[in-house]
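J.: This is the structure alone, sequence omitted:
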């Protein structure tokens, strides 16, 4: 296939990763982002072993590992602080070659952006599909600079994807998950042991994730109607109102946050999976294709997988019909991961005292299982082998690509 130009719509993690993957395989890439800047976002992100292998294909795996903090001794607790289950990073590393590595989201965005050639990223440039193209004609895109043609378009335009609505007009689109989330980064208080991991309460959860440079990523979620916000705009106060009676030091950590740096977003998801992730010469990537709840920490991980699989499919394609290979590889996998996250959301959403007591008892009993069994249960998500890197590319350390449990 003769390659000229690919257009990527959206410069989030999925869009940037796709642009890097295509550039790595010889494409001339233009990335169009409607926002005016890629401002640092005050949240962290966990790269699970499957995503780290995808980043290896992009030549970024080691850079992320060097900067990120491995998550070890991660516990699931009740809101009183009682441990329900604990796993070690070493167990996951033995099984999958890595444990979850956490870093600031802005740093991952920076790593991806640095891999792109100068001039390919266009900010304040909204792009929309005019014609998805076909086997015999290129796609057409309307941009701030005018209408352009492209042999291929990757649409990473998020949960409210205009591209998805155009390509699949009969799909119901995203639905509210029942949860809103808060995210922020705070300095680690000296001498205070961090309760690394996640805590479950009545219809709510909170998480503590160590980052580099003495920082801590905090996140929380609660079951509330969509669109609600703190009455005075102070989301830190809202966090303390909702989580102030949970065990210490969770309230102490939330109190360290700066009110104007607490991010709050409602969680929307694609409950009904798309049948395909492509039409014509356009493919959907990341949340545009499979927006999911965050309760398995796999949203960005699956977007990076999308990027390397899509670029590899295009690399071996003989004609544009082979985009069906991308859909075949990604629809079932991402649907399974999203379903798993939705199941966890259902457990967190329990609010009555009897339901919470039963849930916590089940989790405690699960915590008594051998660690090997707990690690094995994550295999459908984490035991994933990426496509090979392009000739002359950075390559993948296959000792980290597939493991026996």
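T.: Arrived safely, thanks for sending. All values derive from a computational prediction rather than experimental measurement.

J.: Dig out what residue 264 forms beta bridges with.
T.: Taking DSSP bridges, one obtains residue 182 as the residues bridged to residue 264.

J.: so residue 191 is in which element?
T.: When secondary structure is defined using DSSP states H and E, no element contains residue 191, which sits outside every helix and strand.

J.: List the contacts of the residue nearest the centre of the chain.
T.: Taking Cα atoms, centre = their mean, the centroid of the chain lies closest to residue 300, which sits 1.8 Å from it. Taking Cβ atoms under 8 Å, 6 or more residues apart in numbering as the criterion, residue 300 is in contact with 13-14, 45, 47, 51, 108, 286. C-betas here are computed from N, CA, C, even on glycine.

J.: Can you pull the phi/psi pair for it?
T.: With angles defined as degrees, to the nearest 10, residue 300 sits at phi -70, psi -30.

J.: same thing with residue 137?
T.: phi -140, psi 150.

J.: how close does it get to residue 280?
T.: Between residue 137 and residue 280 the distance is 9 Å, computed by Cβ to Cβ, to the nearest Å.

J.: Mutual contacts of those two, please.
T.: With contacts taken as Cβ under 8 Å, 6+ apart, residue 137 and residue 280 have residue 131 as neighbours in common.

J.: more neighbours, the two?
T.: Per other Cβ atoms under 10 Å, whichever of residue 137 and residue 280 has more neighbours is residue 280, with 19 against 14.

J.: which one's the longest helix in the protein?
T.: helix 323-348 (DSSP state H).

J.: okay if I get the contacts of residue 300 as JSON lines plus secondary structure, distance to residue 22 and neighbour count?
T.: Written out in JSON lines, the entries for these read as follows (DSSP: H, G, I helix; E, B strand; the rest coil; distance: Cβ to Cβ, whole Å; neighbours: other Cβ atoms under 10 Å):
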{"residue": "13", "secondary structure": "helix", "distance to residue 22": "15", "neighbour count": "24"}
{"residue": "14", "secondary structure": "helix", "distance to residue 22": "12", "neighbour count": "31"}
{"residue": "45", "secondary structure": "strand", "distance to residue 22": "22", "neighbour count": "27"}
{"residue": "47", "secondary structure": "strand", "distance to residue 22": "21", "neighbour count": "26"}
{"residue": "51", "secondary structure": "helix", "distance to residue 22": "18", "neighbour count": "31"}
{"residue": "108", "secondary structure": "helix", "distance to residue 22": "18", "neighbour count": "26"}
{"residue": "286", "secondary structure": "coil", "distance to residue 22": "14", "neighbour count": "30"}
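
J.: Please identify which pair of the residues you listed lies farthest apart.
T.: Considering Cβ to Cβ, no two members of the contacts of residue 300 lie farther apart than 47 and 286, which are separated by 14.6 Å.

J.: Quick one: the helices in the stretch 301-405 of the chain, in order.
T.: In chain order, the stretch 301-405 of the chain shows helices spanning 323-348, 353-367, 371-377, 379-382, with DSSP state H, counting those that start in this stretch as the criterion.

J.: closest one to residue 26 among these?
T.: Using Cβ to Cβ, the nearest of the helices of the stretch 301-405 of the chain to residue 26 is helix 323-348, at 17.6 Å.

J.: For that closest one, the averaged confidence score.
T.: Helix 323-348 carries an average pLDDT of 97.

J.: so is residue 222 in a helix, a strand, or just coil?
T.: Under the three-state scheme (DSSP: H, G, I helix; E, B strand; the rest coil), the conformation of residue 222 reads as strand.

J.: give the contact list for it.
T.: For residue 222, counting by Cβ under 8 Å, 6+ apart, the contacting residues are 179-180, 203-205, 242.
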